[in-house]
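J.: Next comes the sequence, and after it the predicted model I'd like to discuss.
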There are 2 protein chains.
Amino acid sequence: MVSLKMIAEVCGVSVATVSKALNGHKDVKDETREMIRRKADELGYMANSAARMLKTNRSHNLGVLFEDQGGRGLTHEFFATVLEGFKVEAASRGYDITFISKSLLNRSSSYLQHCKYRGFDGVGIICVKFRDADVLELVESDIPVVTVDHEFEGHSAVLSDNITGIAALVKYAYEKGHRKIAYIHGEETYVTEKRLQSFRTMCNCLELLTPNDYIRQGMYYEPDVSYRETLSLLQLEDRPTCIIYPDDFSMIGGINAVRDAGLRFPEDISIMGYDGIDISQVMNPRITTYQQNAGALGRAAAAKLIESIENPESSICESINVSGRLLEGASVVRPCI
Amino acid sequence: MVSLKMIAEVCGVSVATVSKALNGHKDVKDETREMIRRKADELGYMANSAARMLKTNRSHNLGVLFEDQGGRGLTHEFFATVLEGFKVEAASRGYDITFISKSLLNRSSSYLQHCKYRGFDGVGIICVKFRDADVLELVESDIPVVTVDHEFEGHSAVLSDNITGIAALVKYAYEKGHRKIAYIHGEETYVTEKRLQSFRTMCNCLELLTPNDYIRQGMYYEPDVSYRETLSLLQLEDRPTCIIYPDDFSMIGGINAVRDAGLRFPEDISIMGYDGIDISQVMNPRITTYQQNAGALGRAAAAKLIESIENPESSICESINVSGRLLEGASVVRPCI
DNA sequence: GCGCCTCACTTAAACGTTTTCGTAATTTAG
DNA sequence: CTAAATTACGAAAACGTTTAAGTGAGGCGC
């Protein structure tokens, strides 16, 4: 391993001068700097991040909290896309990213311990159980943190426009003539709360009746649950003409349920998803859904995090909204009655 | 930041003793060790990986080469699943994982430079252009490397059973009565080569005619290309009765082409995918495909890599085969003629 | 000629560990 | 009872950086 010391010996200068030359400090003569840089290249020198980190207390490495939710983890297209955006933006700004886990050197540890050990400059919280005590401990520490699709008091967040999204879907169905719209929502989370609130508001606003039966607890990315809830909805005396699902993937279960119930889709019942993942746009008929700008969410999160790391005092704490757009497919048709 | 030094002062012992106590060395009296550990916990001590790394030349951190292929990156379900397996296995063995990129501290660098800078103990090469000069440079360095679905001379690899996979698909179609089977394959890669070779071998073996027209160059994960090639295949005078696609996702384009050509699927033409990703099993009709065990590939890669790191001399260089299985759907039916 | 800058470089300490070697005290062997 | 071995600890160097402080040489104004 070639170090500053070796370069110094070869060049006949001190280690300090080599360090300054390579870091572009001003108090090194131009020709000396060039000579040192040339030699460093020749020797194949590469700095040692550990030594630098030890000295400067900066790692240029971001931790990412991304935990396997219900066995899906990285396979979840929406979150994977967010992470991809985060990764790309971080790389373009000179930061690496490392996953944070609860295991450290074969023993279990808290997220915070993991972060302290690795010396992350900041943490992006993308996909995790936000109520987990270990997450709270991390958030309450003095490590810069940015969350995606969740707000913590005193920390910046990047949020998808859940309110606008659901409102757009309801409005779209309404304009297509639907007056009986059901909503199968996901588990109780920050996101679900916003969407549900928006659903109710929009229904009130449009003077739609929303019997309790029309609002069902489903699960994100679980087609089977959507299947069951859909069958149940279809058996109601006054059944809905349109159903909104937690997301595009779990929606598939709904479509299967409709067909298994002997109904035609979309002629007999209209359907809408959420997310706008690839599958929704290659299905036949194409699905009407609200596409979240997942990549932008990730990029914005990384950008905000890095900004707050590099300008600790001037950087303001804020919630950034990233808007998506309605993708119009052919899954919603004018109801018969 | 609480360091060994502080603990030493509080406990009235030397730094060396504290280090040894916390690392479980034998030359520390039991009661001293307990006392030191207790104090360390009380003070909220957490080791500093940078210092440890500097001293020991071990990071307990693995680099992962996972580059955005054609704009998909992490969104590619197969690779995402491999990565998830890699991540889980690494974590369970006490290793973190960090993405390797070509940008380092805002300047561009080679993969190898990145690895040297971060001091990775080893590298998993999962999704990348294997012919890239920077990849070769990394592989030829003295950093332990394990590849997924590609073999490099002198390095361990974890391989999906591409030969068995394609053979199983061809055989399945044959047994269903198909004698004219076309194969739209992906770009020229190690994997494609194996599959093509297996396709030809199997066809010969079964005495199937495979005119050049039946073997088409397509692209992985590109439904549009599959669409075009499928239309072209359907216009042949003696058209195939069954088509195998590069993967389940690009296959969707094929299905659309069949329908747009006025044919019925699967009645008029049978179709098979590859990978066994989620979408293939929720579609109607379900797709007959060969499911790769992506999670196992990732886990095996991490396990092998860590083994070769921890036992540099006893660990043997090998190619590990991970087998998948045929998923029988309803996309292949007995041909009319 | 004197004081004062500036320039270009060096010295040396420090970051938090690990580990080798040394040593004093205690135990064991003969 | 002496010598050797063992036990439990400490001193110090080292890993590769960064950076504050110091130094000597040369140039400048007056």
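T.: That came through fine. Residues are numbered from 1 along each chain as shown, chains lettered A, B, ... in the order given.
J.: Where does residue A:183 fall, secondary structure wise?
T.: strand A:181-185 (DSSP states H and E).
J.: likewise residue A:309?
T.: Judged by DSSP H and E, residue A:309 forms part of helix A:294-310.
J.: returning to that earlier point: pull out the buried positions in the helix or strand that the strand holding residue A:183 is followed by.
T.: Helices and strands here follow DSSP H and E; after strand A:181-185, the next one along the chain is helix A:190-205. By neighbour count with 16 or more other Cβ atoms under 10 Å in any protein chain shown, helix A:190-205 contains the buried residues A:190-192, A:194-196, A:198-200, A:202-203. No exception for glycine: its C-beta is placed from N, CA and C like everyone else's.
J.: Please name every helix or strand in contact with helix A:190-205.
T.: Identification of packing neighbours for helix A:190-205 by 3 or more Cβ pairs under 8 Å, 6 or more residues apart in numbering or on different chains; DSSP states H and E yields helix A:162-175, strand A:181-185.
J.: from what I can see residue A:158 touches residue A:303, true?
T.: No. Contact criterion Cβ atoms under 8 Å: residue A:158 and residue A:303 do not qualify, at 9.1 Å.
J.: thinking again about what came up before, including distance to residue A:318 and pLDDT, could the buried residues of helix A:190-205 go into CSV?
T.: Shown next, in CSV, are those (distance: Cβ to Cβ, whole Å; pLDDT from 0 to 100):
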residue, distance to residue A:318, pLDDT
A:190, 17, 89
A:191, 19, 92
A:192, 23, 94
A:194, 17, 93
A:195, 22, 96
A:196, 25, 95
A:198, 21, 95
A:199, 26, 95
A:200, 27, 94
A:202, 26, 94
A:203, 31, 92
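J.: so, if you compare those residues, which one comes nearest to chain B?
T.: residue A:191 (20.0 Å; Cβ to the nearest Cβ).
J.: which residues touch the closest one?
T.: If you count contacts by Cβ atoms under 8 Å, 6 or more residues apart in numbering or on different chains, residue A:191 has them with A:149-150, A:160, A:162.
J.: what lines up beside the strand holding residue A:183 in the sheet?
T.: Here strand A:181-185 is paired, per DSSP bridges, with strand A:215-217 (parallel), strand A:242-244 (parallel).
J.: Pick the most buried one from the ones you listed.
T.: Comparing the strands paired with strand A:181-185 by mean neighbour count (mean count of other Cβ atoms under 10 Å in any protein chain shown), strand A:242-244 ranks first with a mean of 28.
J.: contact partners of that one?
T.: Residues beyond strand A:242-244 that count as contacts (Cβ under 8 Å, 6+ apart) turn out to be A:166, A:169-170, A:173, A:176, A:178, A:180-184, A:199, A:230, A:233, A:254, A:269-274, A:332, A:335.
J.: how about the nearest residue to the residue minimising distance to the centre of chain A, chain neighbours excluded?
T.: The structure's chain A has its C-alpha centroid closest to residue A:82; by Cα atoms, centre = their mean the separation is 4.1 Å. The shortest distance from residue A:82 to any non-neighbouring residue, by Cβ to Cβ, 6 or more residues apart in numbering or on different chains, is to residue A:298 (4.1 Å).
J.: Give me the neighbour count for that neighbour.
T.: For residue A:298, the neighbour count with other Cβ atoms under 10 Å in any protein chain shown is 29.
J.: What of residue A:131?
T.: 11.
J.: Need phi/psi at it.
T.: With angles defined as degrees, to the nearest 10, residue A:131 sits at phi -90, psi -10.
J.: picking that back up, relative to the whole chain's centre, how far out is the strand holding residue A:183?
T.: How far strand A:181-185 lies from its chain's middle: 24 Å, per Cα atoms, centre = their mean, to the nearest Å.
J.: got the angle for it vs helix A:190-205?
T.: 170 degrees (axes from the mean of the first three to the mean of the last three Cα atoms, to 10 degrees).
J.: Which pLDDT does the model give whichever residue of the stretch 151-300 of chain A sits closest to DNA strand D?
T.: Nearest residue of the stretch 151-300 of chain A to DNA strand D: residue A:156, at 26.3 Å (Cβ to the nearest atom of the strand). Looking at residue A:156, its pLDDT reads 96.
J.: Wait, it touches residue A:303, no?
T.: No. Using Cβ under 8 Å, residue A:156 is not in contact with residue A:303, being 10.4 Å away.
J.: hey, where'd the helices end up in the stretch 201-337 of chain A?
T.: A:223-234, A:248-260, A:278-282, A:294-310 (DSSP state H, counting those that start in this stretch).
J.: Any idea which of those gets closest to residue A:42?
T.: Nearest to residue A:42, of all these, is helix A:294-310, at 32.9 Å by Cβ to Cβ.
J.: Which strands and helices lie in contact with that closest one?
T.: strand A:61-66, helix A:77-92, strand A:122-127, strand A:145-148, strand A:156-160, strand A:319-322.
J.: With only the CA atoms kept, save that helix in PDB.
T.: Taking Å, rounded to 0.1, in the frame of the first residue of the first chain, the C-alpha atoms of helix A:294-310 are listed here in PDB:
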ATOM      1  CA  ALA A 294     -40.100   7.600  -7.000                       C
ATOM      2  CA  GLY A 295     -36.800   8.400  -8.500                       C
ATOM      3  CA  ALA A 296     -37.200  12.100  -7.800                       C
ATOM      4  CA  LEU A 297     -38.100  11.300  -4.200                       C
ATOM      5  CA  GLY A 298     -34.800   9.500  -3.700                       C
ATOM      6  CA  ARG A 299     -32.800  12.100  -5.500                       C
ATOM      7  CA  ALA A 300     -34.400  14.900  -3.500                       C
ATOM      8  CA  ALA A 301     -33.800  13.100  -0.200                       C
ATOM      9  CA  ALA A 302     -30.100  12.600  -1.000                       C
ATOM     10  CA  ALA A 303     -29.700  16.200  -2.100                       C
ATOM     11  CA  LYS A 304     -31.400  17.600   1.000                       C
ATOM     12  CA  LEU A 305     -29.400  15.300   3.300                       C
ATOM     13  CA  ILE A 306     -26.100  16.300   1.800                       C
ATOM     14  CA  GLU A 307     -27.000  19.900   1.800                       C
ATOM     15  CA  SER A 308     -27.800  19.700   5.500                       C
ATOM     16  CA  ILE A 309     -24.500  17.900   6.100                       C
ATOM     17  CA  GLU A 310     -22.400  20.400   4.300                       C
END
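J.: Quick one: mean pLDDT over that helix.
T.: 96.
J.: I'd like the distance from that helix to the chain centre, please.
T.: On Cα atoms, centre = their mean, the centre of helix A:294-310 falls 11 Å from that of its chain.
J.: Check which residues of it are buried.
T.: Within helix A:294-310, the residues that qualify as buried are A:294-309, counting by 16+ other Cβ under 10 Å.
J.: Residues contacting it, please?
T.: So helix A:294-310 is in contact with A:62, A:78-79, A:81-90, A:93, A:95, A:121-124, A:126, A:144-149, A:156, A:158, A:160, A:275, A:315, A:317-318, A:320, A:322, going by Cβ under 8 Å, 6+ apart.
J.: Now, of those residues, which are buried?
T.: With burial judged by 16+ other Cβ under 10 Å, the buried subset of these is A:62, A:78-79, A:81-90, A:93, A:95, A:121-124, A:126, A:144-149, A:156, A:158, A:160, A:275, A:315, A:322.
J.: out of these, which touch DNA strand C?
T.: Among the buried ones among the contacts of helix A:294-310, not one lies near DNA strand C by Cβ under 7 Å from any atom of the strand.
J.: from what I can see residue A:125 touches residue A:149, true?
T.: No. At 9.5 Å, residue A:125 does not count as touching residue A:149 under the criterion of Cβ under 8 Å.
J.: picking up where we left off before, now do the helix holding residue A:309 against strand A:156-160: the angle between them, please.
T.: Using the same axes, to 10 degrees: helix A:294-310 against strand A:156-160 is 170 degrees.
J.: and residue A:259, how many neighbours?
T.: 13.
J.: if I pick it, what's in contact with it?
T.: The contact partners of residue A:259, taken as Cβ under 8 Å, 6+ apart, are A:265, B:284.
J.: so what pLDDT did it get?
T.: Predicted confidence (pLDDT) for residue A:259: 89.
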